[in-house]
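> Sharing a model prediction with you, sequence too.
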There are 2 protein chains.
Amino acid sequence: MIKRSLALAALLAATSLSANTPTPPTRSVEDVADIALTNDQWAWDFVEGITTEVGPRQAGTEAEKRGRDWAVAWLRNAGFANVADEPFQMDTWVPGDTHKAEIVSPFSQPLVIQPLGTSASTGPEGITAEVVEFANVDALRAAPDGSLKGKIAYVSHSMTPTQDGSQYGFAGPARWVAAGIAASKGAVATVIKAIGTDYHRNPHVGGTSFPDGVKPTPAGALSLPDAANLERMFDRANGQPIRMKLTLTPRDLGTTTSGNVVGEIVGRDPSLPPVLVACHLDSWWNGTGAFDDGAGCGIVAAAAKNVATAGQPLRTIRLLMAGAEETGLWGSKAYSAAHIDEPVAVGLESDFGADRIWRFESNFVESNPDLHAKIAAAVARFGVSNGTAIATGGADIDIARDQNAAIIDLQQDGTRYFDLHHTPDDTLDKIDPDQLRQNVAVWTQVIGILAEKPREILSPK
Amino acid sequence: MIKRSLALAALLAATSLSANTPTPPTRSVEDVADIALTNDQWAWDFVEGITTEVGPRQAGTEAEKRGRDWAVAWLRNAGFANVADEPFQMDTWVPGDTHKAEIVSPFSQPLVIQPLGTSASTGPEGITAEVVEFANVDALRAAPDGSLKGKIAYVSHSMTPTQDGSQYGFAGPARWVAAGIAASKGAVATVIKAIGTDYHRNPHVGGTSFPDGVKPTPAGALSLPDAANLERMFDRANGQPIRMKLTLTPRDLGTTTSGNVVGEIVGRDPSLPPVLVACHLDSWWNGTGAFDDGAGCGIVAAAAKNVATAGQPLRTIRLLMAGAEETGLWGSKAYSAAHIDEPVAVGLESDFGADRIWRFESNFVESNPDLHAKIAAAVARFGVSNGTAIATGGADIDIARDQNAAIIDLQQDGTRYFDLHHTPDDTLDKIDPDQLRQNVAVWTQVIGILAEKPREILSPK
C-alpha cells in the first residue's frame, strides 16, 4: 500500500476539502462518472492492493483479519469517515494442507482436487473406495437408500457459460447439496466435477452442506479436466470398478471472530437514511479474491469517493465491506441484526467480478417509476440497458431485504465469471482495467443520483 | 484402452491383410491423407488412451514404465511389427510431495510454485531468506560474485507467444541456467517466473542445470500470476526486504531403467534404410502429457498406420517413441548409441503440441531439390507453406543428426504451446481434434512419399 497510497492521499487532499464543505455538489455527477470511465484509479488501487498485500482471506481466519485491517487503513487513507471494524462471531472451517485424489485402479493416476467448505477430513491416511458415477444431482437423488454404502459418490453436471450467470443455479446443486444427499445414502465421501466453465486444473471450491442428522463426510471438487478424465475412465473401464484414494484434511476451528468493515461519506443531512453500498472482503483460501470480491469492494469504494469529489452529497453513502460471505453470509446477517433499527434508503451490492455492467434493475419500477426511469436513462450511455426483472439484491445487503427497502441490481457480464469463481485463478491479472472503470462509472452515476434524492426512494410520498 | 481398442482392432483387421501382401500400394497416399484429414481416429485414440489410462509419465519412474507397457500393447494391437521396449539406464529425479513458497514479510501470502528438474531439496522444514529480484538472466549475470550469499534469487523474463515458438529461446535461459548462475554467486535457492505465456496458476516446470563444481540448490518456478504478484510486492514494498519461506522436497533416485518403445511397418524392401518417425513417451510429472508429447506419438503412429492402409510401403517405417526426453534426451542418445550402425533414410519428429502444421522444412532442399519440391507441393493443400530454413530435427532424432541423414521438420503452430508446456494444464481437453487430424494428414502425405522413394533421400545418385 505504501507508495501508491501516498500518491492517492495527495490526490485526495485536493478533493477532501470540498467534501468537508456542507454545500451541494458543484460538479455534476454525470461529469464525475464520465471522468471515472477513463480515469478512475481508486478501484484498481483497492483490488491491486488487497490481492498483493493480503492475498487470500478465508472467512474467520487471521488472513481475513489482515484483510479487514488493510481495508480499514485504505478507507481512512482515502478520506472515508466513521471507518470501523464491527466484529461478529462465526463457525470457522479451514481447508488443511493435504488435498489428494488418486485413482488406484484400474488406471493409476493422481487427479487435482480441493475440499469443499464444511467437508469433513479423511484423516492424513486417506480413504480408499470404489467410485460410483452420477451424471447430475437428480441421478444421485434417484439412487436407492443405502446403495452408496462404503462408496465414494462422483457427481457431474453440464454447466455452460451464461452472461447472466443463471447456469450457476442449474449446475450449483452438485456442489450445494450432493455431498449431503450422498452421505444420507451411505457414501463415505463425495467428489464433484467443480462448478465452473473453464478448462484449467484449478478446482472451483465453495461451500457444501449436510442435512440435520447427517454426519458430514469428506467432500471435494475435481478440476474440470480431472473430472473429464475420470469420466473417460468410466467409459474405458469396461465395467471394472474404479477405486480412488482420497485424502482431504480440512478442520473446523469452532467459533472465531470475523468482522464487517464500514465507512461513510457523510451527507449534508445525516438524518436521512443512507445509501448502502456493499461488497465482501473475504475470499476462498485458494485464490486471492480479485474477481470475488476485491473488485466489488474497489468498485463501490471508488464510486462513493467519486461522488464525494463532486461535493458533499445530500444523503450519507454508507459502505459495507462484509466479512465471511463465502461460508454462510455471516457478515450480512450480523450487519442486519446489529443495524436493523437504522433504516437504509436503498441497498446495492457489487459481487460478480469486474466485467462490464450491462443491465440495470430495481425493485421500485412500479412504486417510483420516475426515479427508475431517470437512473435507466442516466446509465444508458455506458451501454447499460433497462432490465425487466425486479431487483432482489446481493448476498451482503440482507438489511435492505429485512427492512423492505429499495434495492438496485447493476448486473455484470458473467460470461467468464465461472471460469474463475472460487479458483486459484482468481487473481488480479484477470481484471480488465477498462471494464473495471466502466463499473465504477455506472456506480458513480447511480449512487450520485440516489444520494441527492430528498424523498424516500422505494415509495416517495 | 479396452472398448475403443477393440473397435480399432476390428477396423485394423480389414486393412492388415493388404499390409501383409508384398505389392505396391493400391491406393494413393493422397487419398489416404485426405481421408485422415476428416476421419483419422488413431491419433486421438492414442492420446486419449495414454492420458486417461496412464496419465503423467515422469522419466525413469514406474509411471513412465506403465506408459511404455501401454504403448507397446497399443502398437501391437494396431498391427505394428517388431514392437519392443529397448531399455537404457538414466539418472532419475522426482519432484517429491511438498512444493510451497510463502511470502512471510512484509506481505504474507502463499504463492504457487513447483520444483524444476534437478532442483535440490530444502528439506521438509524449508528455508527462509530475503528475495533479490532480477528482471532477466542478463541482470543476474551482472550481479557481483558473492552478492547473493544467503539470498533467494528471483529471475523474471518477458516471454510473449510466437507462432514459431522462438521466444522459448529468448526466455528459456531463466529456467535453463539461472539457478546455476545464482548458486555460483552464493544464492541459497532460485525462484523463476515460469517460462510460459498463459495466466493460470499452473507453473511451467522443466529442467534446470548447475555448472560443474556448483552444488545444486533448490529451484522452483512460480506460476505467472504468482510471479506478477511477487513483482508487485517489490513495487509496493518501498524498499522493505521481501522474505520468502521456500519448501521443495524433490529427490534424486540415482540410476533407474527407462526405455525406448519401437515398432515398424515393415517395407517391401527391408534392406533399404527406414523412414524414422519419432516422438517421446515421457512427460513431466505435473501434467498428463497430452500436448507434450502424447499427441506427437499419436500423430506419428497414426500416419504410419495410414500409409500402411494404402498397401505395404517400399521402405520400412520405423517408429521411435523415445523415453526420458524431458530430463536430458536420454532416450534419443541411447537409441543413437544402440543403432548408430543401422542407417536411417530420413528422420522426422512430432513434439510441439497438436496444433496445425503450417510450414515444411528439410535439409535436402539443395541436395535433392526435386524431392523437396514434391513434398512441398503435396502438403500445400493442407495449408502448409514451404519454409526457407534448413531443418535440424527434433530432440529425439539424434541418430539422424549423428548419421548426417536427411531430416524434415513439419512445423506446428506454437502460438498457444507455451500456455500449456510443462504445466498441469497439459491435458486432453486442450487438443483440437480438427487440428490433430490435420497433423496426421500432413504426416501421412509426407511419410507416404518418403517410404516409396527407392533412392537415397539426402543425396540421390
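Perfect, I can see it now. Numbering: from 1, shown residues only, chains lettered A, B, ... in the order given.
> Quick check: what element follows the helix or strand of chain A with the lowest mean pLDDT along the chain?
When each helix and strand of chain A is scored by mean pLDDT, DSSP states H and E, helix A:2-20 comes last, with a mean of 42. Downstream of helix A:2-20, the next assigned helix or strand under DSSP states H and E is helix A:29-39.
> near chain B at all, the helix or strand just after that following helix?
Next helix or strand after helix A:29-39 toward the C-terminus (DSSP H and E): helix A:42-53. Yes. Applying CB under 8 Å from any CB of the partner chain, one finds helix A:42-53 touching chain B at A:48-49, A:51-53. Quick note: C-beta positions are derived from backbone N, CA and C, even for glycine.
> what about burial for the residues you listed, which qualify?
For those, a burial check counting by 16 or more other CB atoms under 10 Å in any protein chain shown picks out A:48-49, A:51-53.
> so what's A:His372 closest to, chain neighbours aside?
Leaving aside its chain neighbours, A:His372 sits nearest to A:Val365 (4.5 Å; criterion: CB to CB, 6 or more residues apart in numbering or on different chains).
> Which pLDDT value goes with the one you found?
Looking at A:Val365, its pLDDT stands at 96.
> for it, helix, strand, or coil?
Classification of A:Val365 using DSSP: H, G, I helix; E, B strand; the rest coil returns coil.
> Same check on the one 10 residues further on?
Local secondary structure at A:Ile375 is given as helix here, using three-state DSSP.
> Distance check, it against chain B.
The gap separating A:Ile375 from chain B is 35 Å, by CB to the nearest CB, to the nearest Å.
> for A:Pro56, what are its contacts?
Going by CB atoms under 8 Å, 6 or more residues apart in numbering or on different chains, A:Pro56 touches A:63, A:283-289, B:109-110.
> Try it again at 6 Å.
Shown in contact with A:Pro56 (CB atoms under 6 Å, 6 or more residues apart in numbering or on different chains): A:63, A:283, A:285, A:288.
> how about the closest residue in space to it that isn't next to it in sequence, phi and psi?
Leaving aside its sequence neighbours, A:Pro56 sits nearest to A:Trp285 (CB to CB, 6+ apart; 5.0 Å). The phi and psi values for A:Trp285, taken as degrees, to the nearest 10, are phi -60, psi -20.
> ok, back up a step: my guess is the residue nearest to A:His372 meets A:Lys374, correct?
No. At 11.7 Å, A:Val365 does not count as touching A:Lys374 under the criterion of CB atoms under 6 Å.
> between those two, which one's more packed in?
Neighbour comparison, A:Val365 and A:Lys374: the larger count goes to A:Val365, with 18 against 13 (by other CB atoms under 10 Å in any protein chain shown).
> Against chain B, how distant is the more buried one?
40 Å.
> that older thread, format the buried ones among the residues of helix A:42-53 next to chain B as TSV; extra columns: pLDDT.
As requested, those are exported to TSV (pLDDT from 0 to 100):
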residue	pLDDT
A:Glu48	98
A:Gly49	98
A:Thr51	98
A:Thr52	98
A:Glu53	98
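> Spatially, which two of the residues you listed are the most separated?
The largest separation in those, counting by CB to CB, is between A:Glu48 and A:Glu53 at 8.8 Å.
> follow-up on the earlier one: out of the residues of helix A:42-53 next to chain B, which is nearest to A:Gln435?
A:Gln435 has its nearest neighbour among the residues of helix A:42-53 next to chain B in A:Glu48, at 15.2 Å by CB to CB.
> what number of residues lie near the nearest residue to that closest one once chain neighbours are set aside?
Distances taken as CB to CB, 6+ apart place A:Leu428 nearest to A:Glu48, at 5.9 Å, with adjacent residues excluded. Around A:Leu428 there are 24 other residues, counting by other CB under 10 Å.
> close enough to count as contact, A:Leu428 and A:Ala290?
Yes. Look at A:Leu428 against A:Ala290 with CB under 6 Å: they come within range, at 4.8 Å.
> any shared contact partners between those two?
A:Thr51.
> and A:Asn136, how many neighbours?
17.
> could you list every residue that touches the residue nearest to it when sequence neighbours are not counted?
What sits nearest to A:Asn136 in space, not counting adjacent residues and going by CB to CB, 6+ apart, is A:His157, at 5.5 Å. By CB under 6 Å, 6+ apart, A:His157 lies in contact with A:136, A:171, A:174, A:193.
> re the thing from before, mind checking the backbone torsions on the residue nearest to A:His372?
phi -60, psi -30.
> now swap in A:Pro218 and tell me
A:Pro218 adopts backbone torsions of phi -60, psi 140, taken as degrees, to the nearest 10.
> these two touch, right, it and A:Gly123?
No. Between A:Pro218 and A:Gly123 there is no contact, the gap being 9.1 Å when judged by CB under 6 Å.
> and these two? which has more neighbours close in?
Shown here are A:Pro218 and A:Gly123; by other CB under 10 Å, A:Pro218 has more neighbours (26 against 12).
> and that one, how far is that from A:Lys245?
According to CB to CB, to the nearest Å, A:Pro218 stands 12 Å off from A:Lys245.
> residue ranges of the strands in the stretch 151-300 of chain A, please?
Ranges of strands in the stretch 151-300 of chain A, per DSSP state E, counting those that start in this stretch, are A:152-155, A:189-193, A:219-222, A:243-248, A:251-265, A:275-280.
> Just name the most buried of these.
Highest mean neighbour count of the strands of the stretch 151-300 of chain A: strand A:275-280, a mean of 31 (counted as mean count of other CB atoms under 10 Å in any protein chain shown).
> Does anything pack onto that strand? Which helices or strands?
helix A:295-309, strand A:317-322, strand A:346-349, helix A:433-451 (3 or more CB pairs under 6 Å, 6 or more residues apart in numbering or on different chains; DSSP states H and E).
> So A:Arg68 versus A:Asp85, what's the distance?
The value you get for A:Arg68 to A:Asp85, if CB to CB is used, is 5 Å.
> Now list whatever residues contact both of the two.
A:259, A:261.
> Name the residue in these two with the higher neighbour count.
The neighbour count for A:Arg68 versus A:Asp85, taken as other CB under 10 Å, is higher for A:Arg68 (22 against 18).
> I'd guessed the more buried one sits against A:Gly263; true?
No. With contact defined as CB under 6 Å, A:Arg68 does not reach A:Gly263; the gap is 11.7 Å.
> which SS class is A:Ser147?
A:Ser147 ends up coil, using three-state DSSP.
> That one: neighbouring residues, count only.
A:Ser147 has 13 neighbours, counted by other CB under 10 Å.
> Distance of it relative to A:Met321?
46 Å.
> Check A:Gly328 too.
17 Å.
> out of these two, which sits in the more crowded spot?
Using other CB under 10 Å, the more surrounded residue of A:Gly328 and A:Met321 is A:Met321, with 33 against 18.
> my guess is the more buried one contacts A:Gly263, does it?
No. Using CB under 6 Å, A:Met321 is not in contact with A:Gly263, being 8.0 Å away.
> how about the closest residue to chain B within the stretch 251-400 of chain A, phi and psi?
Distance from chain B to each residue of the stretch 251-400 of chain A (CB to the nearest CB) is smallest for A:Thr288, at 7.2 Å. Torsion angles at A:Thr288 (phi, psi; degrees, to the nearest 10) stand at phi -100, psi 0.
> so what's the nearest residue to it once chain neighbours are set aside up against?
Using CB to CB, 6+ apart and skipping the chain neighbours, the partner closest in space to A:Thr288 is A:Thr51 (4.1 Å). Going by CB under 6 Å, 6+ apart, A:Thr51 touches A:288, A:290, A:294, A:428.
> need those residues in JSON lines with pLDDT, can you?
JSON lines is the format used below for those (pLDDT from 0 to 100):
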{"residue": "A:Thr288", "pLDDT": "98"}
{"residue": "A:Ala290", "pLDDT": "98"}
{"residue": "A:Gly294", "pLDDT": "98"}
{"residue": "A:Leu428", "pLDDT": "98"}
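> Low-confidence stretches in chain A?
Chain A contains residues with pLDDT under 70 at A:1-25, A:461.
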